[in-house]
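S.K.: Take a look and give me a structure for this.
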Amino acid sequence: MNTISESDALKMLAEVFEEPVARVKPGLARDDVPGWDSMGALTLMAELDERFGIELTADESKAMTRIEDVLALLRRHGALAT
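M.R.: A predicted model of the protein is given here:
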């Protein structure tokens, strides 16, 4: 499995949600990310599956309410370097 640093994970999320990298921080709420709508959630699910083999259910995706939740998921799956 690929592992990435937290800064690379934040860059990946910035690309997925079409946000400036400087804006994407662990505490950033889903509601404050215009690109984290239903299409953005699907894009995130596809990206996690393609890059790391992490398959999210729709319920798991909906449960993520902050960028930190995505980082925690990556940590749990061993995809985020510590």
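
S.K.: Look at residue 12 and say how many residues are nearby.
M.R.: By the other C-beta atoms under 10 Å criterion, the neighbourhood of residue 12 contains 19 residues. C-beta coordinates here come from the backbone N, C-alpha and C atoms, glycine included.

S.K.: Report the secondary structure element holding it.
M.R.: helix 6-17 (DSSP states H and E).

S.K.: Dump the C-alpha coordinates for the helix or strand just after that helix into CSV.
M.R.: The helix or strand immediately downstream of helix 6-17 is helix 38-52, counting by DSSP H and E. Taking C-alpha atoms only, helix 38-52 is exported to CSV below (Å, rounded to 0.1, in the frame of the first residue of the first chain):
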residue,chain,number,x,y,z
SER,A,38,-22.2,15.0,-3.5
MET,A,39,-19.9,15.0,-6.6
GLY,A,40,-16.9,15.9,-4.5
ALA,A,41,-17.7,13.0,-2.1
LEU,A,42,-17.8,10.6,-5.0
THR,A,43,-14.5,12.0,-6.3
LEU,A,44,-13.0,11.5,-2.9
MET,A,45,-14.3,7.9,-2.7
ALA,A,46,-12.8,7.1,-6.1
GLU,A,47,-9.5,8.7,-5.2
LEU,A,48,-9.1,6.8,-2.0
ASP,A,49,-10.0,3.5,-3.8
GLU,A,50,-7.6,4.2,-6.7
ARG,A,51,-4.6,5.4,-4.6
PHE,A,52,-4.9,3.3,-1.5
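
S.K.: Many thanks, I have nothing further to ask.
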